[in-house]
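> Compute the structure for the input listed below.
(one chain, ligands or ions: 2)
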Amino acid sequence: MSTEIPVALPMDSQDATVGIIGMGDMGRLYAKKISAAGWKVTACDRPDKYENLKAEFQGSSVTILENGHLVSRCSDYIIYSVEAENIDAVVKLYGPSTKMGAIVGGQTSCKAPEIAAFERHLPKDVEIISCHSLHGPKVDSRGQPLVIIPHRATPEGTALITRILSCFRSKTVQLSAQEHDRITADTQAVTHAAFLSMGTAWHANAQFPWEVERYNAGGIENVKINIMMRIYSNKWHVYAGLAILNPAARDQIRAYAESVTELFKLMISHKKQEFSDRIIAAGTAVFGRHRGSPLLLRDDILDQYSLSSTQIPKSERRPNSHLSLLAMVDCWWKLGIVPYDHMICETPLFRLWLGVVEYVYRDRRLLEECIETAMEDDIFRMDDIEFTFAARGWSDAVSFGDFESYRKRFEKVQTYFAPRVAEATRLGNEMIAKIFEKTRDETSEEAPA
Ligand SMILES: NC(=O)C1=CN([C@@H]2O[C@H](COP(=O)(O)OP(=O)(O)OC[C@H]3O[C@@H](n4cnc5c(N)ncnc54)[C@H](OP(=O)(O)O)[C@@H]3O)[C@@H](O)[C@H]2O)C=CC1
Ligand SMILES: O=C(O)C(=O)Cc1ccc(O)cc1
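Residues are numbered from 1 along each chain as shown. Ligands and ions are numbered 1, 2, ... in the order given. Sure thing, here's the model as predicted:
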């Protein structure tokens, strides 16, 4: 830690000014929450958005400035909340204007390129303390993990940033940038790969899953459809950035595609014993230590959140092979990942996904039903073959590191599902709020973000 850093910030009052560069979905959430907690906030987006943004925030306690130079010059803590792909260029542009002795951080989802940009372009007298809220902009931040990364920091600086960000009432966890990237690759990247692939496969089969009888099978199917819709309602660059820029994520997405392919080959060659042994061995490795703990999800809650107009009674529901889910456990097993070890960096989607997977693996009857369906039921074959193509396609898109082709793949499916996005977002929010109400800090009086 360099001794050059002047500790000139106000530590015991709310006098520090927080600057936000990038007023997209997350930047706005940060600006609103931090200013509501009593801190002075200045913010900007690209210069061409200045007039509109200024009009929008007129009369609020957020001061909109024309560009990142002006924000950087007057702010004690500057948060870059821009696309991960752009972080180097934006820090290069505004970093030299950083106020002397200020603290700088970023909110991008992958920390290696962000920290590299800070080290490359920021003056040496500046502290670097980054953060990452592990939830999307429409989720109640209370009780969700918030990672703080004191990279080039004094204890006083870290204490100040922790105090500023305490307005989110999140579960704060301090990690290094490397630890952050490794854990979020495990929690986020593979989860997204599974749901991106589901959307691609449904689109390839020209299906809206809620209109297809075999997907009106209650709890698990509802969660799968709702999460898939949620991911495709977000911006493509969020998922592209955290997958393409994080080398650990790339490897894991490839391992997931391999598991999907290998299991699918066993299915179509009817190698039931080999398939079943592999599923059981993976399940034991991943869930063995957690057999006694309470389940993360309850089916009766999930049944309420369906996009379908008809509900099929439980006794008449058709079992599913759940290839997406079997492959997830297979890939965790192969990579030696025990997902429960990563709950410090859980996102709502990861928790839901783990909840669904666990729900199947801890019910021997359900798991055997999946194995039986995977082997014998041809109805799911057309879905599973498209899912296999899709998983490999996403893995290729990520390993080629090509943002533009990632964007095209994503937006094609996003456009297809767009007509039902508003409704799915509302349902998904209700579902997440209901599921998380038990885990949230019960004493909090704040309204959801
Ligand atoms: N959305 C999510 O669920 C989460 C996102 N994140 C991370 O947070 C960051 C922001 O994400 P999000 O808010 O969703 O994305 P948005 O696209 O909504 O916001 C990014 C904003 O930064 C602007 N921007 C780009 N370059 C500049 C610049 N030179 N000066 C000022 N503003 C600029 C963009 O403008 P333009 O659109 O014109 O490029 C855009 O308005 C990303 O790195 C993302 O990975 C983290 C947690 C959750
Ligand atoms: O919960 C998820 O995985 C999301 O999709 C929202 C999200 C996206 C990017 C992040 O860096 C953190 C959360």
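> For the rest of this, base every contact and every neighbour count on C-alpha atoms.
OK.
> Backbone torsions only: list them for Gln144.
phi -80, psi 150 (degrees, to the nearest 10).
> Is there proximity between stretch 106-113 and ligand 1?
Yes - looking at stretch 106-113 against ligand 1 by Cα under 6 Å from any ligand atom, the contacts come from 107-109.
> could you give me the average pLDDT of that stretch?
Averaged across stretch 106-113, the pLDDT comes to 97.
> Check what contacts that stretch and list those residues.
78-84, 87-88, 114, 129-133, 177-178, 180-181, 238, 241-242, 245-246 (Cα atoms under 8 Å, 6 or more residues apart in numbering).
> now it: how far from the chain's centre is it?
Between the centre of stretch 106-113 and the centre of its host chain there is 13 Å, according to Cα atoms, centre = their mean, to the nearest Å.
> So Tyr359 is in contact with Arg291, correct?
No - Tyr359 lies out of contact with Arg291 (Cα atoms under 8 Å); the separation is 10.9 Å.
> who's more crowded, these two?
Tyr359 (19 against 12; other Cα atoms under 10 Å).
> Quick check: residues of the stretch 101-250 of the chain near ligand 1?
107-109, 133-137, 238.
> Just give the nearest non-adjacent residue to His270, would you?
Leaving aside its chain neighbours, His270 sits nearest to Met375 (5.8 Å; criterion: Cα to Cα, 6 or more residues apart in numbering).
> before we move on, back to that, run through the residues of stretch 106-113 next to ligand 1 and flag the ones next to ligand 2.
Among the residues of stretch 106-113 next to ligand 1, ligand 2 is touched by Ser109 when using Cα under 6 Å from any ligand atom.
> Among the residues of stretch 106-113 next to ligand 1, which one lies nearest to ligand 2?
Closest to ligand 2 out of those is Ser109 (4.0 Å), distances taken as Cα to the nearest ligand atom.
> that's a strand at the closest one, yeah?
No - assigned with DSSP: H, G, I helix; E, B strand; the rest coil, Ser109 falls outside any strand and is coil.
> Tell me, how many residues neighbour it?
27.
> for the one 4 residues further on, same thing?
Using other Cα under 10 Å as the criterion, Pro113 is surrounded by 19 other residues.
> ok now the helix or strand hosting it, how far from the chain's centre?
With elements taken from DSSP states H and E, the one containing Pro113 is helix 111-121. In terms of Cα atoms, centre = their mean, the centre of helix 111-121 is found 21 Å from the chain centre.
> how much distance is there from stretch 155-173 to the middle of the chain?
Distance, centroid of stretch 155-173 to centroid of chain: 21 Å (Cα atoms, centre = their mean).
> and that stretch, which residues are buried?
157-158, 160-162, 164-173 (16 or more other Cα atoms under 10 Å).
> likewise stretch 426-437?
Applying 16+ other Cα under 10 Å to stretch 426-437 flags 427-429, 431-433, 435-436 as buried.
> and the residue nearest the centre of the chain, what does it touch?
The residue lying closest to the centre of the chain (Cα atoms, centre = their mean) is Gln188, at 5.1 Å. By Cα under 8 Å, 6+ apart, the residues touching Gln188 are 346-347, 350.
> Same question for Tyr50.
44, 64-67.
> Next one: it from Gly68, what distance?
Distance of Tyr50 to Gly68, given as Cα to Cα, to the nearest Å: 11 Å.
> got it, and Arg182?
From Arg182 to Gly68 the distance is 30 Å (Cα to Cα).
> Show me where the chain has its strands.
17-21, 40-44, 62-64, 77-80, 103-106, 127-133, 145-152, 171-174 (DSSP state E).
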